[in-house]
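Asks: all I have is the shape, not the residue letters:
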């Protein structure tokens, strides 16, 4: 197994996240030795659409991408829609691309990255209903289990989590990618 000891991974979400798309990658990166940190627009805790509650470690407005090695964005319609309306969360997401750090986004999470203006020229996947949004934002959308584009990992649905988790861990282990830009 890949060793991520010493790595800090930010998970960015708000209420309405897809439970398994937060818990499965969280368990995967921590099992590999990384420290997972929950970042959200408000303090306290957030609740997934199926009831999973997660304590917030730091609010988006206080979070600095420089303090982390990677970012994971779980999906969920309500979650992604809420994050893309939060300027601090959008700026936090964009900063990972500007710093060439690995980013994983699954399902509807790409909405936040459209708002961050980091998908143009990239090849990625997502939940199928985002296909037109992503193409309109300049991305090449493909219907595949997992897509990696210079440190940027994307997947479609919870069914893709095993492949998504494996690639997220691989990209975190590799570290910065010069081609990963904002």
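Replies: Structure's in. What do you need? Because the structure is predicted, anything quoted here is derived from the model rather than measured.
Asks: now do the same for the residue most central in space within the chain: its pLDDT.
Replies: The centroid of the chain falls nearest to residue 73 when counting by Cα atoms, centre = their mean (2.2 Å). The per-residue pLDDT reported for residue 73 equals 98.
Asks: please apply the same query to residue 180.
Replies: Per-residue pLDDT puts residue 180 at 75.
Asks: show me what contacts it?
Replies: Contacts here follow Cβ atoms under 8 Å, 6 or more residues apart in numbering; on that basis residue 180 touches 96, 97, 100, 101, 102, 103, 150, 151, 152. All C-beta spots, glycine's among them, are computed from the backbone N, C-alpha and C.
Asks: skipping adjacent residues, who's closest to it in space?
Replies: residue 151 (4.1 Å; Cβ to Cβ, 6 or more residues apart in numbering).
Asks: for residue 99, same thing?
Replies: If you skip the residues right next to it in sequence, residue 99 has residue 65 as its closest partner in space, 5.6 Å away by Cβ to Cβ, 6+ apart.
Asks: test my guess that that neighbour contacts residue 102.
Replies: No - counting by Cβ atoms under 8 Å, residue 65 stays clear of residue 102, with 11.4 Å between them.
Asks: tell me which of these two has more neighbours.
Replies: residue 102 (29 against 21; other Cβ atoms under 10 Å).
Asks: got the contact list for that one?
Replies: When the contact criterion is Cβ under 8 Å, 6+ apart, the partners of residue 102 are 69-71, 96, 151-153, 168, 171-172, 174-175, 177, 180.
Asks: of those, buried ones?
Replies: Of the members of the contacts of residue 102, the ones counted as buried by neighbours, 16 or more other Cβ atoms under 10 Å, are 69, 70, 71, 96, 151, 152, 153, 168, 171, 172, 177, 180.
Asks: understood, closing this out.
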